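Student: Model the structure of this input:
(2 chains)
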Amino acid sequence: MAAASPLVPAYTDVASSVAKRRWGEGLIHALLLTCAAVSIVTTVGIVLVLLTQSIPFFKEVSLVDFLTGTTWAPLFESHSFGIMPLVCGTALVAGGAALVAIPLGLGAAIFLSEFASPLVRDMIKPLLEILAGIPSVVYGYVAVVFVSPIVRSVFPSAELFNALNGCIVVGIMILPMIVSLSEDVLRSVPRSLREGAFALGAHKLDVTVGVVVPAALSGIVASFLLAIARAIGETMAVSLAVGSTPRLTLNPLVSVQTMTAYIVEVSQGDLPAGSLEHRTIFAVGLTLFVMTLLLNVFAQWILSRMREKYE
Amino acid sequence: MSDALRPSSARSSKRPYAKLSSRLFTLCCAACTLMCLVTLALLLWNIFAFGWKRLDWQFLTSFPSRFPEKSGVLSALVGSLYLIGLTALFAIPIGVGTAVYLEEYAPPNRWRSLIQTNIANLAGVPSIVYGILGLGLFVRGLGFQSLALNRSVMAGALTLTLVVLPIIILTAQEALRAVPSTIRQASYALGATRWQTVRRQLLPAAMPGVLTGVILALSRALGEAAPLVAIGAATYVRFLPTNVLRDDFAAMPLQIYSWTGREQLEFHKAAAAAIIVLLTVLIFMNALAVYLRYRFGQRIRW
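Tutor: Below you'll find the predicted structure:
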């Protein structure tokens, strides 16, 4: 920001002549650059660790079998490494969570941005921050101790651990994220659009549903995508709530397993490092990483386009 | 759009319920917001009602045990404090340094936007993936025995550092960006160097925002269990770590996880009590953030 402003000395002229006076300046610049490089090294590290551990795995299990296989039984006598059941479990939980969180979250975001008085907003936002700050393992506890009995009394056929538990608690988890991101987007819609619609005699409902929400739609969709990416990567709550049975099913009342929950299961076991079975966590981790990365990059692209439009 | 643009006289005659439907819609949205708050209240109430009786001094000062009635959170509490302390030690300088570099030093070129995009993406990487990175990088030391930290407190803290760095960087950047550019110009005009400007003008002015981000990041580190599970941290530890480079450690969220996974009701009660302890610390940290924002915010006025 500073470097972009014409009134701040350009990096090359004033600052570098000053740097000659004080050699410490150069040292500090180098130190700060090193700090910034840590983030690049982290990304490179993630990719390297996932790839170097996955490549030996994919030498023994073909990539096509891995991605299209419909049985996930890596720990049994007759191995089977088809990731589809894990992806399906993840999609079931993330999709269900989105169904729980999106209507509530969007409604709350519209209320906070369009209807609530500043005083009400200032009271509600910190409370939502508390909800956002509750650790994921606490939601896992809530799923096991409170949600599961309720689900089983409503649906007597439900298993003790079931996907619906996960959908509900992960939905609650991503709710504050959807509210705050969508609210930001709605508030970034210029006042002039609202005032123009009011000047034409539109009611509050027309202005909100007909003007503000459509204008912010791309950003709202981006906030949903970010929340879904979060739900896909959600680990502790899911691994406590949904059980550990990899299954290719869309039935929310039975136990399934997500990719993250599988990684937890193997991490807690005592498989020897370097064995084919243990390497599965890197292959699954790589799949998870690629899925969330694509969603995040896409959402950020939408958001940056929207920012350009209104700023 | 076209609906909204129709003149009001024509509209109100065709839609006599316009006002009513507006009201109903407002009510629906308010109900959604209320639902969020009711969920929060129910959640906290249930946990407190369930675990309150289990919480006493003995619970805070005993080690976990096979017997749920005798179990306590001492090792988990101390382990978490170690983790938070070490994470703060690494994450604060690196995070704030990166923010200063991106906002004040880096020329606006491809390199800067590469780092910026990269940080935005790192913020969205699931924490369990960081755990897998920590397993390869810190626990096993990239395969070199001498670099391997095994399942020590240090390996856990370094992994958590990577998890929370994006949070610190992004909030510190926002805080630096909010400092008016007149302050920078005045400082440079008086002959200050770039670092003098950063250290004596910008960082003090941005302090409330930076501190808020730091506390937010440390709260996240305190509640994060997934990366610790992935690096293979133990869930049953009956001693306090003395050597941070070598000793096994426990942590509050891991303790809660392992008690929740048990079948006995008594362990669930212990988990609820541990959650109360964890949430109390988290809410205290949030209150501290609010207080610091208020305190520093008062001193600086433009």
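Student: When you work out contacts or count neighbours from here on, use the C-alpha atoms and nothing else.
Tutor: Will do.
Student: Report how many residues lie close to the nearest residue to residue A:93 once chain neighbours are set aside.
Tutor: Nearest in space to residue A:93, with sequence neighbours left out and distances taken as Cα to Cα, 6 or more residues apart in numbering or on different chains, is residue A:167 at 4.9 Å. Using other Cα atoms under 10 Å in any protein chain shown, residue A:167 has 27 neighbouring residues.
Student: Against chain B, how distant is residue A:167?
Tutor: 15 Å (Cα to the nearest Cα, to the nearest Å).
Student: just to confirm, which helix or strand has that residue in it?
Tutor: helix A:163-187 (DSSP states H and E).
Student: chain center to that helix: distance?
Tutor: 10 Å (Cα atoms, centre = their mean, to the nearest Å).
Student: ok, then the element right after it?
Tutor: Following helix A:163-187 in sequence, per DSSP H and E, is helix A:191-199.
Student: which stretches of the stretch 1-150 of chain A have low pLDDT?
Tutor: A:1-22, A:77-78 (pLDDT under 70).
Student: ok so, going back, could you report the pLDDT at the residue nearest to residue A:93?
Tutor: Looking at residue A:167, its pLDDT reads 92.
Student: For the stretch 51-200 of chain A, which residues are neighbours of chain B?
Tutor: Residues of the stretch 51-200 of chain A lying close to chain B by Cα under 8 Å from any Cα of the partner chain are A:104-105, A:107-111, A:115, A:127-128, A:130-131, A:133-138, A:140-142, A:144-145, A:172, A:175, A:197, A:200.
Student: max-length helix in chain A?
Tutor: The helix that spans the most residues within chain A, counting by DSSP state H, is helix A:23-60.
Student: Show me what counts as buried in that helix.
Tutor: A:25, A:29, A:31-33, A:35-36, A:38-40, A:42-43, A:45-46, A:49-51, A:53-54, A:57-58 (16 or more other Cα atoms under 10 Å in any protein chain shown).
Student: Check which helices and strands the next helix or strand after that helix sits against.
Tutor: Helices and strands here follow DSSP H and E; after helix A:23-60, the next one along the chain is helix A:63-68. If you count contacts as 3 or more Cα pairs under 8 Å, 6 or more residues apart in numbering or on different chains; DSSP states H and E, helix A:63-68 packs onto no helix or strand.
Student: who touches helix A:63-68?
Tutor: A:81, A:82, A:83, A:84 (Cα atoms under 8 Å, 6 or more residues apart in numbering or on different chains).
Student: And those residues, which is closest to chain B?
Tutor: Nearest to chain B among the contacts of helix A:63-68 is residue A:83, at 17.1 Å by Cα to the nearest Cα.
Student: Run a quick neighbour tally on that closest one.
Tutor: 24.
Student: My read is that it contacts residue A:62, right?
Tutor: No: checked against Cα atoms under 8 Å, the pair residue A:83 and residue A:62 is beyond contact range at 11.9 Å.
Student: In the chain, which residue is most central in space?
Tutor: In the absence of a named chain, chain A is used. The residue lying closest to the centre of chain A (Cα atoms, centre = their mean) is residue A:230, at 1.7 Å.
Student: You answered for a different chain; I wanted chain B.
Tutor: Central residue of chain B (Cα atoms, centre = their mean): residue B:220, at 2.4 Å.
Student: What distance do you get for it to residue A:132?
Tutor: 10 Å (Cα to Cα, to the nearest Å).
Student: in chain B, which spans are helices?
Tutor: Under DSSP H, chain B gives helices at B:2-5, B:8-14, B:18-51, B:57-61, B:74-100, B:110-123, B:127-134, B:153-177, B:181-189, B:194-197, B:203-223, B:226-230, B:252-260, B:265-299.
Student: need those helices in TSV with mean pLDDT and distance to residue B:140, can you?
Tutor: Listed next are the helices of chain B as TSV, based on pLDDT from 0 to 100; distance: least, Cα to Cα, whole Å:
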stretch	mean pLDDT	distance to residue B:140
helix B:2-5	50	62
helix B:8-14	51	70
helix B:18-51	88	38
helix B:57-61	77	33
helix B:74-100	92	19
helix B:110-123	90	22
helix B:127-134	91	8
helix B:153-177	92	9
helix B:181-189	91	45
helix B:194-197	89	38
helix B:203-223	89	22
helix B:226-230	89	13
helix B:252-260	89	21
helix B:265-299	83	30
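Student: of all the ones you listed, which lies closest to residue A:76?
Tutor: Smallest distance to residue A:76 across the helices of chain B (Cα to Cα): 21.7 Å, for helix B:226-230.
Student: Please see if that closest one touches chain A.
Tutor: Yes: applying Cα under 8 Å from any Cα, one finds that helix B:226-230 is in contact with chain A at B:226, B:229, B:230.
Student: Hmm, residue B:132 and the last one touching each other?
Tutor: Think residue B:230. Yes: assessed by Cα under 8 Å, residue B:230 is found in contact with residue B:132 at 5.9 Å.
Student: which one of those two has more residues nearby?
Tutor: Just comparing residue B:230 and residue B:132: by other Cα under 10 Å the higher neighbour count belongs to residue B:132, 29 against 26.
Student: Relative to chain A, how far out is the more buried one?
Tutor: Residue B:132 is 7 Å from chain A, by Cα to the nearest Cα.
Student: Quick one: residues contacting that residue.
Tutor: Contacts of residue B:132 (Cα under 8 Å, 6+ apart): A:49, A:50, A:282, A:285, B:227, B:230, B:231.
Student: if we go to 10 Å?
Tutor: Contact partners of residue B:132, counting by Cα atoms under 10 Å, 6 or more residues apart in numbering or on different chains, are A:46, A:49-50, A:263, A:267, A:281-282, A:285-286, B:138-139, B:159, B:226-232.
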